[in-house]
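Chemist: Sequence first, then the predicted structure:
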Amino acid sequence: MSVAYPTPGGAYTAVRNRPPSAGTAESLVLAALVLQVIGAAVLIIGLSVALGVSVVTPFAYSWVVAIVAVVIGGIALLFLYLAYEYSYRRIKAGEYEAAQTPTLLIGILSLFVGIVPGILYIVGYAKLGDAVREQRSMFVPPPAGVAAGTLAPGAGTQVACRGCGRVYLVGQFPFCPNCGQKIGA
């Protein structure tokens with residue numbers, strides 16, 4: 001690129017170099033979150049109506065209805081926050097291994113409340129496993145018998161990325177970790 005338009009880095013680079021299964025997992029978890037937000041909104045509206053009825057026409061145990069409504073609404077919001085924070089945000093950040101266990105746990109718990117979000121979370125968990133395997137296979141070790149950094153620049157066993165110009169050992173990476181371009185011929 002040029003000086004006016006520098007090569008983007010940071011989070012953009014991480015998203016660009018992520019495995020294909022990670023995008024699928026992110027979409028599945030996002031769809032499950034949207035369905036849970038809709039379910040939580042319906043639940044909270046229903047509980048608000050019950051709370052309003054108990055306030056307008058008080059009866060002997062209207063305080064129990066109020067406490068139950070607040071507790072259930074709070075649990076629904078807490079569950080949404082935990083699903084977003086520990087599953088979706090970690091997937092967006094590229095922390096696929098760290099997102100696996102929370103996604104599975106949230107998926108299992110979601111099966112008791114809403115079947116469709118639970119299934120989406122569990123399928124997202126499976127895709128996260130695929131993403132971890134794909135991410136591990138993207139690294140190719142240097143050629144046998146050659147230690148990194150011991151090669152002379154003109155030895156012919158190094159190759160420069162056509163996109164950003166960084167130099168790597170031949171066969172070390174199939175794609176440039178910096179810019180995502182294919183390395184080699």
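Modeler: Okay, I see it.

Chemist: Please state the backbone phi and psi of the residue lying closest to Val113 once chain neighbours are set aside?
Modeler: Nearest residue to Val113, sequence neighbours excluded (C-beta to C-beta, 6 or more residues apart in numbering): Gly39, at 7.2 Å. Heads up, the C-betas are built off the backbone N, CA and C, glycines and all. With angles defined as degrees, to the nearest 10, Gly39 sits at phi -60, psi -40.

Chemist: just the helices in the chain please.
Modeler: With helices called from DSSP state H, the chain shows them at 11-16, 20-56, 62-83, 89-92, 96-113, 115-137.

Chemist: Same list (those helices) but as CSV, adding mean pLDDT and distance to Pro174.
Modeler: CSV is the format used below for those (pLDDT from 0 to 100; distance: least, C-beta to C-beta, whole Å):
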stretch, mean pLDDT, distance to Pro174
helix 11-16, 47, 15
helix 20-56, 90, 14
helix 62-83, 88, 34
helix 89-92, 94, 23
helix 96-113, 93, 19
helix 115-137, 91, 9
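
Chemist: how many other residues sit next to the residue nearest to Val113?
Modeler: 17 (other C-beta atoms under 10 Å).

Chemist: that older thread, so which of the helices of the chain is nearest Val167?
Modeler: Closest approach to Val167 among these is made by helix 11-16 (17.8 Å; C-beta to C-beta).

Chemist: show me the contacts for the residue nearest to Val113.
Modeler: Shown in contact with Gly39 (C-beta atoms under 8 Å, 6 or more residues apart in numbering): 76, 113-114, 117.

Chemist: picking up where we left off before, so which of the helices of the chain comes closest to Arg162?
Modeler: Per C-beta to C-beta, nearest to Arg162 of those: helix 11-16, 15.8 Å.

Chemist: Quick check: the residue nearest the centre of the chain vs Ser62, distance?
Modeler: For the chain, Ile91 is the residue whose C-alpha lies nearest the centre (C-alpha atoms, centre = their mean; 1.4 Å). Distance from Ile91 to Ser62, counting by C-beta to C-beta, to the nearest Å: 43 Å.
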